[in-house]
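Novice: what's the 3D shape of this:
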Amino acid sequence: MSESEDNPPTLASLRARKGKLRSGKRPSAPPPPSESLLQTGLFATFPETTPPPAPPNPVLSTVSSSAEKSAFLTSAIPTERRIWTVRSLVTDIRQHVETTYTDLWVEGEISNCRPAPSGHIYFTLKDGEAQLPVVLFRRQAQLLRFRPADGLAVLVRGRISVYETRGQLQLIAETMEPRGAGALQLAFEQLKARLLAEGLFDADRKRPLPAFPRCVGIITSPTGAVIRDIVTVVRRRHARLNLLVYPATMQGSTSPGSVAAAIRWFNAHPERADLLLIARGGGSMEDLACFNDEALARTIAASQLPIVSAIGHETDFTIADFVADLRAPTPSAAAEIVTAAQHRIEERVQSLVQRVHRAGRYHLMHARQRYTRLSAESVLTRLRDAVDRRDQRLDELRLRLESATQRRLRIATQRVSLFEARLRRQDIAVRIATTHRRLQTATQRLHSVATQTIATRRTRLNRASTRLEALSPLAVLNRGYALVYAADGTLLRSAANTNAGATIHARLALGTLEATVTQTKLNSSASEAKSEPKNDEPKNEPTAPENRNS
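Specialist: Residues are numbered from 1 along each chain as shown. Okay, here's the model as predicted:
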């Protein structure tokens, strides 16, 4: 491979050369490739270098300036072109986008939210004009404090990248903050609440579908896959059902008016169709937003023909679904519902014919059996059977009578035994003996309690008497002590409290004495006796033996 094939001229170098040609300068031949001019990518930048002036060409000196420019461009631009592979081109774009848009905040409404089993969350961020695919990987999804859902307005922080497998621009989210319900979801909820209050969703106003429609008016796109699915199902289940397709726009701002015009046309020509079918395939919330139009909902409610709504998948709901007379999960299911009565009608008719034949044969056989039973032998047999049944019935009644009699006799015997037992329990002799035994037991218990009480009280009395005798002052006197009183009745405690010639009284254990003091003697504790008051209360203390005078 030559050098020109390895290093072809870049878009930037060609633009630079073209500008120089316009300025009237004669460019020189392309310089040899250098490292600064090697192409590293689609968005690579190159230094602007001025090529050295080329020597004048004598052949082109007589040519006009325009001819010079044309000849130069023809000779300067090489015939080889840079051919990109799809992967290299997408990779180069991804690198440039990831370098340019590294950290940005995007606000929009969530749509088509699809949590994956791996933990990643894929959804579309949209507003009224555009939409952007977003991927939130499992590591960042685990940090969210809320669950993303369709119709939720959020503020997403992340970086722009390109998914090379699909060549799709996407936002790799790092964090996400909720901003409340989106505009489309809010408008949907408000319109739904208003129409519900007006009664457009009531079941009593919805019309039943005709069981055997001759023609079904289908409002859908004639080029989509929906009409092919409906035709396939109808032809498989009921080939004679006619289908009349009204081409309508099923997406975009013009869709509500187009569908409403189709409904009005079918109502203006009621002989063309017996019921209407509005069909559209699945899509995102913004794709189905055209069926949340208030004018379209009122047109569906005002239709004189029954309308079946088959919009989106089973999980998609629109205002048109609530207003229509019947909602089908999918367009194919709607075709099955419409042809439910006609499905295999020939088989059903044949089944009914077979049932009629079987019923006829059964009644004929039953009539023949009844005719056979009218013969004499059959009559006698029937009489014998009747007598046998009566005998059997009589035996059964006899057994029941005997059983009932024995049961009543057994019950009466049990009652008599019960009464005898009760009478034996009520015998006066038994009751007197029981009362006597109870009286003897009570007497014994009373005697025992009295004896025990008397012994206890006697023990307490003896103990108290012993204590009283031990504490009695008379017991002290019995041991030979005496109490000596002065003439005024004051108890004498010391010899200093009386004088010679004074009269004193002495109380002995047996009787009292009156004596006259002839002499007093004081011992070593006389000083202490003088300090004591003379008019003390008498105490139960004996006097010393030397104070006893006769």
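
Novice: use CA for all of it now, contacts and neighbours both
Specialist: Fine.

Novice: which strand or helix spans the spatially closest residue to Trp105 that is not a sequence neighbour?
Specialist: In space, Trp105 comes closest to Arg157 once its chain neighbours are excluded; the distance is 4.4 Å by C-alpha to C-alpha, 6 or more residues apart in numbering. Counting by DSSP states H and E, the element that carries Arg157 is strand 152-163.

Novice: what about Val216, how many neighbours?
Specialist: 20 (other C-alpha atoms under 10 Å).

Novice: can you check Thr498 too?
Specialist: Using other C-alpha under 10 Å, Thr498 has 19 neighbouring residues.

Novice: what do you get for Leu241?
Specialist: 16.

Novice: on that earlier part again, who's in contact with the residue nearest to Trp105?
Specialist: 103-106, 173-176 (C-alpha atoms under 8 Å, 6 or more residues apart in numbering).

Novice: 10 Å instead?
Specialist: 102-107, 171-177 (C-alpha atoms under 10 Å, 6 or more residues apart in numbering).

Novice: following the strand or helix carrying Arg415, which helix or strand comes up?
Specialist: Per DSSP H and E: Arg415 is located in helix 376-425. With elements assigned by DSSP H and E, the helix or strand that comes after helix 376-425 is helix 428-471.

Novice: just the mean pLDDT for that next one, thanks.
Specialist: Across helix 428-471, pLDDT averages out at 89.

Novice: same thing with stretch 233-248?
Specialist: The model assigns stretch 233-248 a mean pLDDT of 86.

Novice: returning to what we had before: quick check: pLDDT value at the residue nearest to Trp105.
Specialist: Arg157 is assigned a pLDDT of 93 by the prediction.

Novice: between the helix holding Arg415 and helix 428-471, what angle do the directions make?
Specialist: 40 degrees (axes from the mean of the first three to the mean of the last three C-alpha atoms, to 10 degrees).

Novice: in contact with the residue lying closest to Leu200 once chain neighbours are set aside, which residues?
Specialist: Leaving out its chain neighbours, the residue that sits closest to Leu200 by C-alpha to C-alpha, 6+ apart is Val323, at 6.0 Å. Applying C-alpha under 10 Å, 6+ apart, we find Val323 in contact with 192, 195-196, 199-203, 205-206, 296-302, 307-309.

Novice: how about 8 Å then?
Specialist: 200-201, 297, 300-301.

Novice: what about the strands in the stretch 251-400 of the chain?
Specialist: Assigned by DSSP state E, counting those that start in this stretch, the stretch 251-400 of the chain shows strands spanning 275-280, 307-311, 326-327.

Novice: most packed of those?
Specialist: strand 307-311 (a mean of 28; mean count of other C-alpha atoms under 10 Å).

Novice: so what does it touch, helix or strand wise?
Specialist: Strand 307-311 is packed against strand 275-280, helix 319-323, strand 326-327, helix 331-338, with contacts defined by 3 or more C-alpha pairs under 8 Å, 6 or more residues apart in numbering; DSSP states H and E.

Novice: which residue ranges of the stretch 101-250 of the chain form strands?
Specialist: Using DSSP E, counting those that start in this stretch, strands in the stretch 101-250 of the chain cover 104-115, 121-126, 131-136, 152-163, 168-181, 215-220, 242-247.

Novice: where among these is average confidence lowest?
Specialist: strand 168-181 (a mean of 85).

Novice: show me what it packs onto, helices and strands only.
Specialist: strand 131-136, helix 138-141, strand 152-163.

Novice: got these as TSV, with distance to Ile454 columns?
Specialist: Listed next are the helices and strands packed on strand 168-181 as TSV, based on distance: least, C-alpha to C-alpha, whole Å:
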stretch	distance to Ile454
strand 131-136	101
helix 138-141	95
strand 152-163	99
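
Novice: so which of the ones you listed comes closest to Arg424?
Specialist: Nearest to Arg424, of all the helices and strands packed on strand 168-181, is helix 138-141, at 89.9 Å by C-alpha to C-alpha.

Novice: in the closest one, what's buried?
Specialist: Neighbour counts using 16 or more other C-alpha atoms under 10 Å place Ala141 of helix 138-141 among the buried residues.

Novice: and if you look at stretch 284-300?
Specialist: Result for stretch 284-300 [16+ other C-alpha under 10 Å]: buried residues 285-286, 288-294, 296-297, 299-300.

Novice: for burial, what's the neighbour tally of Arg159?
Specialist: 21.

Novice: contacting residues for it?
Specialist: 98, 101-104, 171-173.

Novice: okay, and the beta partners of it?
Specialist: On the basis of DSSP bridges, Arg159 is bridged to Ile172.

Novice: that older thread, could I have the CA atoms of the strand holding Arg157 written out in PDB?
Specialist: Extracted in PDB, the C-alpha atoms of strand 152-163 (Å, rounded to 0.1, in the frame of the first residue of the first chain):
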ATOM      1  CA  LEU A 152     -42.800  10.800  36.400                       C
ATOM      2  CA  ALA A 153     -40.900  14.000  35.700                       C
ATOM      3  CA  VAL A 154     -37.200  13.700  36.800                       C
ATOM      4  CA  LEU A 155     -33.900  15.500  36.800                       C
ATOM      5  CA  VAL A 156     -31.100  13.200  35.600                       C
ATOM      6  CA  ARG A 157     -27.400  13.800  36.000                       C
ATOM      7  CA  GLY A 158     -25.100  11.800  33.700                       C
ATOM      8  CA  ARG A 159     -23.000  11.700  30.600                       C
ATOM      9  CA  ILE A 160     -23.800  11.200  26.900                       C
ATOM     10  CA  SER A 161     -22.600   8.100  25.200                       C
ATOM     11  CA  VAL A 162     -23.400   6.000  22.100                       C
ATOM     12  CA  TYR A 163     -24.500   2.400  22.200                       C
END
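
Novice: which parts of that strand are buried?
Specialist: 152-162.

Novice: same thing with stretch 508-519?
Specialist: Going by 16+ other C-alpha under 10 Å, stretch 508-519 has these buried residues: 508-509, 517.

Novice: which among the residues you listed gets closest to Leu383?
Specialist: When those are compared against Leu383 (criterion: C-alpha to C-alpha), the nearest one is Ala509, at 135.8 Å.

Novice: can you give me the pLDDT of the closest residue to the closest one other than its chain neighbours?
Specialist: Spatially, and ignoring its direct neighbours in sequence, Ala509 is nearest to Leu477 (4.8 Å; C-alpha to C-alpha, 6+ apart). Leu477 carries a pLDDT value of 78.
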